[in-house]
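Chemist: Could you work out the structure for the sequence below:
(chains A and B)
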Amino acid sequence: MANANRVFAALNDPTRRAVLERLRNGPKPVGEIARGLPVTRPAVSQHLKVLKEAGLVDDRSEGTRRIYHIDPKGLGAMRAWLDQFWTAALDAFAAEIERSEKEKK
Amino acid sequence: MSTQIRPAPVRSSIYVSAPPERAFEVFTNGIGRWWPKTHKIGQADLDRPVIEPRAGGRWYELDVDGSECEIGKVAAWEPPARLVLIWQLTPEFKFDPDLVTEVEIAFTPEGDGTRVDLEHRDLERLGDKADAMRETVSGPGGWPALLQLFAEQSAKENKGDAA
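Modeler: Numbers count the residues shown, from 1 in each chain, chains lettered A, B, ... in the order given. As a prediction, the model looks like this:
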């Protein structure tokens, strides 16, 4: 559950979603990810750290550079999404029961 | 390089103020009245999901243009106590007949109402699927779709917080 919240917190930021979008086409070093984004390179590094802690990206060293790539399975994100989805769905289900029970009375 | 993720089942429970018979009926036959309209897989707008009332029945999405998109199957139909659905959507939200993940919903009498316990399990199979699709994971159906869902949900939740 904490994992799901962490994934959501990580993605609840337009810059971090933009960072992930940039990794879609393959692994990239920080400099390349930061290019064209309206934030500083250290800020991008910070965003990558949050994404990494949420299990959404991983990195590897290549010489002095860090190369980032998305978790290729997206499974952490999928599970987090299902977690949120079913909670929201059950809430809506309970609300519908309340509504229809009230109508009967 | 990438770590093998063996995810725990997703579990969610809720109490509803109606007897199990009624809860089971609304969950299945009445699914179109509560299923979030935003959660759809077809191109057209969602009319309603349909759960056929028998073991072996279909679980599909009916869109406003009359098209149907498979979500999965009904594995167990035991009103009013238990329902098992088979979710066959990949992380790319595409139907895959070879993918089988189970969603079990138990309806237990509690006081004047019903406790509804939902468990979505075998999620590691989604990972196996994703493994097979590793090459295409950066395609338009995968991450972007998932990110879009996250963005929508987050926006909704923020609105909820603000209200």
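Chemist: could you pull out the helices for chain B?
Modeler: For chain B, the helices defined by DSSP state H occupy B:20-28, B:124-132, B:143-162.
Chemist: Show me where chain A has its helices.
Modeler: Using DSSP H, helices in chain A cover A:2-11, A:14-23, A:30-34, A:41-53, A:75-104.
Chemist: Lowest average confidence across the ones you listed, which one?
Modeler: Ranked by mean pLDDT, those bottom out at helix A:2-11, with a mean of 66.
Chemist: is any part of stretch B:100-119 close to chain A?
Modeler: Yes - Stretch B:100-119 reaches chain A (CB under 8 Å from any CB of the partner chain) through B:116, B:118. Where you see a C-beta, it was placed from the backbone N, CA and C, and this is true even at glycine.
Chemist: how near is the residue most central in space within chain B to chain A?
Modeler: Geometric centre of chain B, nearest residue: residue B:87, 6.4 Å, by CA atoms, centre = their mean. Distance, residue B:87 to chain A, by CB to the nearest CB, to the nearest Å: 9 Å.
Chemist: now residue B:97
Modeler: Relative to chain A, residue B:97 is positioned 19 Å away (criterion: CB to the nearest CB).
Chemist: burial of the closest residue to that residue other than its chain neighbours, as a residue count?
Modeler: Spatial nearest neighbour of residue B:97, chain neighbours left out: residue B:88 (6.5 Å); criterion: CB to CB, 6 or more residues apart in numbering or on different chains. For residue B:88, the count of nearby residues is 20 (other CB atoms under 10 Å in any protein chain shown).
Chemist: check contacts around residue B:88.
Modeler: B:70, B:71, B:72, B:73, B:95, B:96, B:97, B:99, B:100, B:101 (CB atoms under 8 Å, 6 or more residues apart in numbering or on different chains).
Chemist: ok, of the residues you listed, which one's closest to residue A:100?
Modeler: residue B:71 (23.7 Å; CB to CB).
Chemist: pretty sure residue B:9 contacts residue B:120?
Modeler: Yes - contact criterion CB atoms under 8 Å: residue B:9 and residue B:120 qualify, at 6.1 Å.
Chemist: With neighbour numbers in mind, choose between those two.
Modeler: Taking other CB under 10 Å, residue B:9 and residue B:120 do not tie; residue B:120 has more neighbours (22 against 17).
Chemist: For the more buried one, name its beta-bridge partners.
Modeler: Beta-bridge partners recorded for residue B:120 (DSSP bridges): residue B:10, residue B:103.
Chemist: need the contact list for it.
Modeler: By CB under 8 Å, 6+ apart, the neighbours of residue B:120 are A:82, A:86, B:9, B:10, B:11, B:87, B:101, B:102, B:103.
Chemist: again, only using 10 Å
Modeler: Residues near residue B:120 by CB atoms under 10 Å, 6 or more residues apart in numbering or on different chains: A:79, A:82-83, A:85-86, B:7, B:9-12, B:85, B:87, B:101-105.
Chemist: Does chain B have contacts with stretch A:84-99?
Modeler: Yes - Stretch A:84-99 reaches chain B (CB under 10 Å from any CB of the partner chain) through A:84-99.
Chemist: which of those residues count as buried?
Modeler: A:84, A:85, A:86, A:87, A:88, A:89, A:90, A:93, A:94, A:96, A:97 (16 or more other CB atoms under 10 Å in any protein chain shown).
Chemist: how about low-confidence regions in chain B?
Modeler: Residues of chain B that meet the criterion pLDDT under 70 lie in B:1-7, B:91-92, B:127-163.
Chemist: anything in contact with each of residue B:9 and residue B:120?
Modeler: A:79, A:82, A:83, B:101, B:102, B:103, B:104.
Chemist: Show me the one in these that has more neighbours than the rest.
Modeler: Ranking the shared contacts of residue B:9 and residue B:120 using other CB under 10 Å puts residue A:79 first, with 25 neighbours.
Chemist: how close does it get to chain B?
Modeler: 4 Å.
Chemist: Done for today, thanks.
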